[in-house]
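Asker: build me a model from this:
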Amino acid sequence: MGSYPRELVLDTDTETRLISYLKDELERHDFERPQVIDDLKQWQTDYWAKPVATRKTFPFVGAANIIIPLTAIAFETIHARTIMTFWGAKPFVSAKSRGSLIASDTEKPLENWLDYELEHNIKIYKPFNDLIAETEKFGTGIAKTGYEKVIKKAIRINAAGVEEEFPVIIKDGATLDAVPQANYLFPFSYKDPQLDPWVGEVHSEHPYHIKLLEESGMFRKGSYEKLLPWVSNSVSSDSSSLQSRSYEAKQEELERRKPHWPARIHWQEIWLAFDVDGDGREEEIVVHFHLDSLNILSCRYNWHEDLHRAYRIAVYMPLEGRWRGIGICKQNEMFQREVTTMHRQRLDSGTLANMGMLKVHRMSGYGPKEPIFPGKMWFLDDMTHVEPFKMSEVQQSAFANEQGTLIYSQQRTGVNEVMMGMPQVGTPGTATSDLARIQEGNKKFDFVMKNLKTCANEVITDLFCNIVQFGPKNISYFEWAEGGEKLKQLMTLPVALIRQSIIFEVIAAGQQGNRIMDRQNWVQIAGLITQYYQSMLLLTQGQPQLQAIVQKRALIAATEAMRQILDTFDVKNKERIIVEEVEKMLNGQSGDGTQSGGAAGPEGNGNSQQRMDVLAQIAARFGNGGAAPATTVQGP
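Answerer: From the prediction side, this is the model:
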């Protein structure tokens, strides 16, 4: 395992005060959580749409038992669209410079490097997918960023036939995790996890994992032995840890994957402000705490250079003045129950209506075992002795009522047949009307995407700052990748400049950065460029000098537009398609030092070496904020 920031040595009085504070705060928060956990379990049950009983006996044996999964239909439609909107863009991030210090030719290498870090080292897809899924389902998602270095011992036989030990780095770099809302600890009266007194989460781990954490140096010596008596498989306590475990147990029950003996140890990770040195001012610390035994497992100063806490919150549909949001499960809660009830009633009514029976007179001569088959002839003394009857009639209004409720559900969630790519119910509309419906429906989706991208941007910034502070995993990337030398200079920038987006801004690309969108935009722009220069040539007739300038610029603009279009198609060997020699010759003759793409030439103000020197001066002035420290941080 990697080394950790130093453990704080607390005197007896300070440790007692800290334990008392954590105990009071966590127990007080435990009183708020049961209803929230119950809601989460109910919403997850609604999503799975699993009947309580396999066979109903009321109002009759074999009555309809189906649950209409409106929540699942809406969630899966929106989730697929959201994820593909994020991952439809390549690269995943978009970098924009603020001025001439970071030129446009640095933006693409920065985007490619961050995309490499996110996809290959952090493996962002799985935790980001979990974060977005919980946000859409329950209205609130929690992301946690960190930095982790894991080293395992390997044993191999060398050339001399002797066994030798050597370390193998299993994981080294920034991390991203999605924290289940049931595990997240944050009082309901708070609003901002970065500014309020404390924030944290519950961890539920196997005892073996606790032993590994102690051996790695994350937990104090003896923590494993102290926690062994507290191994539990219960889910019926009121404590925050077992409340979280009850939600996990409900999920296991729905999946039919419930473990036979879920032996766990539950402990809390708390990021808080607390006066540990007695000077009257609070310091930012991180405490790993076992509430049941009142043991501090570790206590360290916040290791982030800018003292940010590890948690970020995403909301689906926000509530004013509250940090939690409303998700699809809550939006569809009443409609799924109502549609399910009416659908069952309609099925039961149809079942009873199709169960034709016979009324037989006692004196008709026919008994209960009388066979019935088509074409059977009944010989009766009285025509009223045998008469068919039905227990129910199918009401035509039942289907209309069910459809009306379904429309209300679609209005609340914004998911309809147009969004799902299905043909419109009833008389089909015109293409113009469908396009108008799609545009109006996209407004709600765009609003949700704005909320999700806000959290994604914060997460990406945290990951970027962690990489700059603790160092990237593969230094060799800068030796082989395009623009590696410029990226090395960026890595020396202070974290504060990156955090505040003073020199450049890095955000999630999303739909606006999608290559398909860029391709369509540039195809339209190319047509406008053609019309513009044709008009300029007509206006400058009779003025040879102006026409020469317009022609030169038209060649440069047409080449740049074609380059941008080819980039959106990921075309290789673009230099064999674009006439770059003409562009270079025109740039050399222009005399103003301007190059294609808006970058300044060797004689211009944007000299590449000059920009790199300025970056080095900024880094020296603010301190080496990008150098990797001697210690690395292991996230729990």
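
Asker: use CA for all of it now, contacts and neighbours both
Answerer: OK.

Asker: how about low-confidence regions in the stretch 1-150 of the chain?
Answerer: Confidence mapping of the stretch 1-150 of the chain against pLDDT under 70 gives the ranges 1-3, 89, 99-105.

Asker: hang on, Q194 packs against I313?
Answerer: No. Taking contacts as CA atoms under 8 Å, Q194 lies outside contact range of I313: 10.4 Å.

Asker: which of the two has more neighbours?
Answerer: Between Q194 and I313, counted using other CA atoms under 10 Å, the more crowded position is I313 (23 against 16).

Asker: that one: what's it in contact with?
Answerer: Under the criterion of CA atoms under 8 Å, 6 or more residues apart in numbering, the neighbours of I313 are T140, G141, I142, A143, W323, C455.

Asker: and the last one, what element?
Answerer: Assigned by DSSP states H and E, C455 belongs to helix 431-470.

Asker: in that helix, which residues are buried?
Answerer: Using 16 or more other CA atoms under 10 Å as the test for burial, helix 431-470 gives 441, 445, 448-449, 452-453, 455-470.

Asker: what secondary structure does the residue lying farthest from the centre of the chain sit in?
Answerer: Of all residues in the chain, D381 has its C-alpha farthest from the mean position, at 77.4 Å, by CA atoms, centre = their mean. At D381, secondary structure determined by DSSP: H, G, I helix; E, B strand; the rest coil is coil.

Asker: now do the one 3 residues further on
Answerer: Three-state secondary structure (criterion: three-state DSSP) places T384 in coil.

Asker: list the contacts for it?
Answerer: Contacts of T384 by CA under 8 Å, 6+ apart are H361.

Asker: kindly recompute the last result at 6 Å.
Answerer: For T384, the contact set (CA atoms under 6 Å, 6 or more residues apart in numbering) is empty.

Asker: model confidence for it, exactly?
Answerer: Predicted confidence (pLDDT) for T384: 80.

Asker: over to A620?
Answerer: Per-residue pLDDT puts A620 at 66.

Asker: what is A314 paired to in the beta sheet?
Answerer: Following DSSP bridges, A314 is listed with bridge partners G141.

Asker: from P34, how far off is it?
Answerer: Applying CA to CA, to the nearest Å, the value for A314 to P34 is 22 Å.

Asker: more crowded one of the two?
Answerer: Higher neighbour count among A314 and P34: A314, with 26 against 17, using other CA under 10 Å.

Asker: that one touches G139, doesn't it?
Answerer: No. Applying CA atoms under 6 Å, one finds A314 not in contact with G139, separated by 8.2 Å.

Asker: got the phi/psi numbers for W271?
Answerer: Main-chain dihedrals, W271, degrees, to the nearest 10: phi -100, psi 120.

Asker: then the one 10 residues further on?
Answerer: Phi and psi for R281, reported as degrees, to the nearest 10, are phi -120, psi 140.

Asker: and R257, by the same measure?
Answerer: Dihedral angles (degrees, to the nearest 10) for R257: phi -130, psi 40.

Asker: next up, the contacts around E165.
Answerer: Contacts for E165 were tallied using CA under 6 Å, 6+ apart; they are A154, I155.

Asker: where does it sit: helix, strand or coil?
Answerer: Per three-state DSSP, E165 ends up strand.

Asker: and stretch 187-201, end to end?
Answerer: Length of stretch 187-201, first residue to last, CA to CA: 11 Å.

Asker: how far out from the middle of the chain is it?
Answerer: Centre-to-centre, stretch 187-201 and its host chain are 21 Å apart (CA atoms, centre = their mean, to the nearest Å).

Asker: what comes up buried for that stretch?
Answerer: Buried residues in stretch 187-201, counted by 16+ other CA under 10 Å: P187, D192, P193, Q194, W198, V199, G200, E201.

Asker: and stretch 122-138, by the same measure?
Answerer: In terms of neighbour count (16+ other CA under 10 Å), stretch 122-138 has its buried residues at 122, 124, 127-128, 130-138.

Asker: what of stretch 176-188?
Answerer: Within stretch 176-188, the residues that count as buried by 16+ other CA under 10 Å are L176, D177, A178, V179, P180, Q181, A182, N183, Y184, L185, F186, P187.

Asker: for stretch 548-562, same thing?
Answerer: V550, K552, R553, A554, L555, I556, A557, A558, T559, E560, A561, M562.

Asker: span of stretch 181-196 from start to end?
Answerer: Taking CA to CA as the measure, stretch 181-196 stretches 18 Å from start to finish.

Asker: avg pLDDT for it?
Answerer: Here stretch 181-196 scores 94 as its mean pLDDT.

Asker: E482: which element?
Answerer: Going by DSSP H and E, E482 is not in any helix or strand.

Asker: sorry, slip of the keys, the one I care about is Q520.
Answerer: Assigned by DSSP H and E, Q520 falls in helix 515-539.

Asker: in the stretch 301-450 of the chain, which spans are strands?
Answerer: Taking DSSP state E, counting those that start in this stretch as the criterion, the stretch 301-450 of the chain contains strands spanning 311-315, 317-318, 325-326, 357-360, 386-389.

Asker: measure the residue farthest from the centre of the chain to H361 for me?
Answerer: Distance of D381 to H361, given as CA to CA: 11 Å.

Asker: and for Y532?
Answerer: With CA to CA as the criterion, Y532 and H361 are 95 Å apart.

Asker: quick one: which of those two has more around it?
Answerer: Each of Y532 and H361 has its neighbours counted (other CA under 10 Å); H361 has more, 15 against 12.

Asker: find the nearest non-adjacent residue to that one, please.
Answerer: Excluding the flanking residues, the one nearest H361 by CA to CA, 6 or more residues apart in numbering is H385, at 4.5 Å.

Asker: and the angle for the helix holding C455 with strand 311-315?
Answerer: Angle, helix 431-470 to strand 311-315, by axes from the mean of the first three to the mean of the last three CA atoms, to 10 degrees: 170 degrees.

Asker: check the offset of helix 431-470 from the chain's centre.
Answerer: Relative to the chain's own centre, helix 431-470 is displaced by 11 Å; criterion: CA atoms, centre = their mean.

Asker: please begin residue numbering at 36 from this point
Answerer: With the count now opening at 36, the last piece we talked about shows up as helix 466-505.
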